[in-house]
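J.: Predicted model and sequence below, questions to follow.
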Amino acid sequence: MPLWFRNRLFCSVKPRTSTPRSQHKDTGSKAILARCLPRGLRIIACRDIPTGTAPGHSGAGQQGESMKQIRIDRFGVPAQVARCCDVADPGEPSPWEVLIDIEVSTISPADLSRLSGRYGELPRLPATAGLEGVGRIVSRGAQVNGLEVGDRVIVKANGNWCQRQRIPATLALKVPADLDVFQLATLKVNACTALELVRRQVPLKRGDWLVQTAPLSGVGRAVMQVARHYGVRTLNIVRRASAIDEVLEAGGDAAIEDGADMMQAALEIVGHAPMPLAIDAVGGEGVSRLAGLLAPGGTVINYGMLSGQPISIGCDQTIFHNISVKGFWLAQKMLYMSRAESDALILDAVDLLSKGVLHAEIAGTYSLDEIGKAIGRAEEAGRHGKVCLLPNGPIARAQPGSQMAQPAMVQLQ
């Protein structure tokens with residue numbers, strides 16, 4: 001069976017027939033792995049994955065075959081460090097793998113933070129990027145069950161700014177083929193973040209209020225959609241009065257402008273209804289004003305760094321009002337989920353998409369050769385919607401309304 005180790009080594013093992021473990025003299029990768037194996041198993045093959053290369057980009061393609069991939073050799077200004085190049089095709093999958101043609105991948109803020117070297121974890125260089133990707137299986141290993149050639153899948157692995165991915169079949173999640181592939185491509189980050197923020201951080205019930213910043217961001221829009229689905233009302237903080245109508249059109253229950261009069265404006269909307277949860281993507285001094293809107297014992301969840309400034313909150317708020325501040329990082333949350341849990345989270349988002357609850361704006365589509373323009377568009381101030389990459393060229397979109405049922409409210413569990 002194949003083993004996938006965190007130190008980026010692949011090997012195959014079979015029952016040990018000779019050579020006791022204590023007799024291994026090699027100090028290389030094979031010897032290190034041998035000391036980790038249970039008694040009765042020995043290594044028959046071992047290969048190193050080139051530094052910074054995802055499993056689907058191991059250079060194992062057939063001689064002469066290549067594909068396009070976005071590569072970074074250094075961290076810096078995203079549009080300057082990302083380049084499109086030809087690399088070896090991933091090649092045919094092993095018995096437990098699938099080969100996927102990537103139809104759509106997205107450019108998320110987390111991708112840009114990685115390219116600039118400001119993310120919570122950084123890949124070894126050279127590397128590629130792309131947290132989100134959707135594609136179709138073009139080949140599968142003999143031992144793969146539940147997936148067939150032609151199936152459309154959400155790729156749970158990273159590194160999707162490429163034409164093809166060869167990954168373990170457990171990292172490919174089958175989705176309905178009739179759903180809009182562009183919408184599917186936005187679910188892994190924005191929608192899953194929103195689901196976790198609304199459903200898992202603070203106990204909320206129908207009719208409760210939550211307050212959030214950056215409501216017109218991808219996550220902010222998804223929070224409004226998910227909250228409305230569960231009967232939770234959203235008070236949305238905007239930086240300019242002209243954005244209020246847009247927030248209401250996007251599904252927000254109320255919106256107010258940030259500033260000195262924010263507290264009075266909030267009271268006029270929610271009255272004395274307690275607000276237990278604030279969701280923040282900005283940081284900086286605004287967190288203190290946000291915390292001032294919460295009921296005693298309330299929680300501020302920070303998931304973004306848009307201001308680039310440290311979080312500021314008053315000592316009186318934390319001491320006398322028992323306000324707590326917590327960070328939220330979806331990648332870390334999913335790292336500690338079981339496969340069943342992470343699959344269930346993504347499939348919940350797929351279900352809400354199919355019911356018409358979730359919908360993401362698409363700001364533009366670009367080929368891999370246009371990566372500089374695509375990143376420039378993703379970094380534009382005031383841009384609304386996800387920027388998408390089309391690694392294998394233009395694809396047809398689902399007709400509006402063909403996949404959506406009428407949204408219905410449900411009770412939070």
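T.: That came through, no problem. Numbers count the residues shown, from 1 in each chain.
J.: Are we agreed that L347 is in a strand?
T.: No: looking at L347 with DSSP: H, G, I helix; E, B strand; the rest coil, it is helix, so not inside a strand.
J.: and the gap between it and A191?
T.: Distance of L347 to A191, computed by CB to CB, to the nearest Å: 11 Å. Any C-beta I mention is one placed from the backbone N, CA and C, and that applies to glycine too.
J.: so where do the strands sit in the stretch 151-300 of the chain?
T.: Taking DSSP state E, counting those that start in this stretch, the strands of the stretch 151-300 of the chain run over residues 152-155, 164-168, 172-174, 209-213, 233-238, 254-257, 277-280, 299-302.
J.: next SSE after the last one?
T.: Reading on from strand 299-302 to the C-terminus, the next helix or strand found by DSSP states H and E is helix 315-319.
J.: Name the surrounding residues that touch that next one.
T.: 288, 291-292, 323-325 (CB atoms under 8 Å, 6 or more residues apart in numbering).
J.: hmm, back to that, put together CSV for the strands of the stretch 151-300 of the chain, with mean pLDDT and mean neighbour count on each row.
T.: Formatted as CSV, these follow (pLDDT from 0 to 100; neighbours: other CB atoms under 10 Å):
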stretch, mean pLDDT, mean neighbour count
strand 152-155, 98, 22
strand 164-168, 97, 25
strand 172-174, 97, 21
strand 209-213, 96, 26
strand 233-238, 96, 24
strand 254-257, 95, 20
strand 277-280, 96, 26
strand 299-302, 96, 20
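J.: now these in JSON lines, with distance to A222?
T.: Converted to JSON lines, the strands of the stretch 151-300 of the chain look like this (distance: least, CB to CB, whole Å):
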{"stretch": "strand 152-155", "distance to A222": "16"}
{"stretch": "strand 164-168", "distance to A222": "25"}
{"stretch": "strand 172-174", "distance to A222": "18"}
{"stretch": "strand 209-213", "distance to A222": "11"}
{"stretch": "strand 233-238", "distance to A222": "11"}
{"stretch": "strand 254-257", "distance to A222": "16"}
{"stretch": "strand 277-280", "distance to A222": "11"}
{"stretch": "strand 299-302", "distance to A222": "14"}
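J.: ok, back up a step: more neighbours: L347 and A191, which one.
T.: A191 (30 against 15; other CB atoms under 10 Å).
J.: Let me have the contacts of helix 315-319 in CSV, adding distance to S338 and pLDDT as columns.
T.: Listed next are the contacts of helix 315-319 as CSV, based on distance: CB to CB, whole Å; pLDDT from 0 to 100:
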residue, distance to S338, pLDDT
S288, 38, 93
A291, 34, 93
G292, 39, 92
I323, 32, 96
S324, 27, 95
V325, 28, 96
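J.: Export those residues to TSV and append columns for neighbour count and distance to A82.
T.: Shown next, in TSV, are those (neighbours: other CB atoms under 10 Å; distance: CB to CB, whole Å):
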residue	neighbour count	distance to A82
S288	16	37
A291	24	37
G292	17	41
I323	24	40
S324	16	38
V325	17	33
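J.: before we move on, back to that, of all the strands of the stretch 151-300 of the chain, which one is nearest H359?
T.: strand 233-238 (15.9 Å; CB to CB).
J.: closest one to S139 among the strands of the stretch 151-300 of the chain?
T.: strand 164-168 (8.6 Å).
J.: re the thing from before, which one of the contacts of helix 315-319 is nearest A340?
T.: Nearest to A340 among the contacts of helix 315-319, with distances taken as CB to CB, is S324, at 29.8 Å.
J.: For the nearest residue to that closest one once chain neighbours are set aside, list each beta-bridge partner.
T.: Spatial nearest neighbour of S324, excluding adjacent residues (CB to CB, 6 or more residues apart in numbering): T299 at 5.1 Å. For T299, the beta-bridge partners are L277, S324 (DSSP bridges).
J.: May I ask you to confirm that T299 is in contact with H321?
T.: No: proximity of T299 to H321 does not meet the contact threshold set by CB atoms under 8 Å, at 11.5 Å.
J.: Would you agree V202 is in contact with L277?
T.: Yes: if you go by CB under 8 Å, V202 and L277 touch, sitting 4.3 Å apart.
J.: how near is V189 to N302?
T.: 17 Å.
J.: Where does pLDDT dip in the stretch 51-200 of the chain?
T.: The stretch 51-200 of the chain contains residues with pLDDT under 70 at 51-64.
J.: one step back: would you tell me which of the strands of the stretch 151-300 of the chain gets closest to S105?
T.: When these are ranked by proximity to S105 (CB to CB), strand 152-155 comes first, at 8.4 Å.
J.: Direction included, what does the closest one pair up with?
T.: Using DSSP bridges, strand 152-155 pairs in its sheet with strand 133-140 (antiparallel), strand 172-174 (antiparallel).
J.: Out of the contacts of helix 315-319, which is nearest to I70?
T.: Ranked by distance to I70 (CB to CB), those are led by V325 at 35.4 Å.
J.: hang on, the closest one packs against S288?
T.: No: using CB under 8 Å, V325 is not in contact with S288; the gap is 10.1 Å.
J.: and for the two, which residues touch both?
T.: I313.
J.: re earlier: from the contacts of helix 315-319, which single one is nearest V77?
T.: V325 (30.9 Å).
J.: what's the spacing between the closest one and E249?
T.: For V325 relative to E249 (CB to CB), the value is 31 Å.
J.: Who does the nearest residue to G252 once chain neighbours are set aside form a beta bridge with?
T.: Excluding the flanking residues, the one nearest G252 by CB to CB, 6+ apart is N236, at 4.4 Å. Beta-bridge partners for N236, by DSSP bridges, are Q212, A255.
J.: now swap in E97 and tell me
T.: P168.
J.: From what I see, it and G141 are in contact.
T.: Yes: assessed by CB under 8 Å, E97 is found in contact with G141 at 5.1 Å.
J.: Those two: who's more crowded?
T.: Neighbour totals were compared for E97 and G141, and E97 leads with 26 against 18 (other CB under 10 Å).
J.: do you know how far that one is from A127?
T.: 20 Å.
J.: do the same with V232
T.: For V232 relative to A127 (CB to CB), the value is 39 Å.
J.: Does V155 have any beta-bridge partners, and if so which?
T.: Taking DSSP bridges as the rule, V155 bridges to A172.
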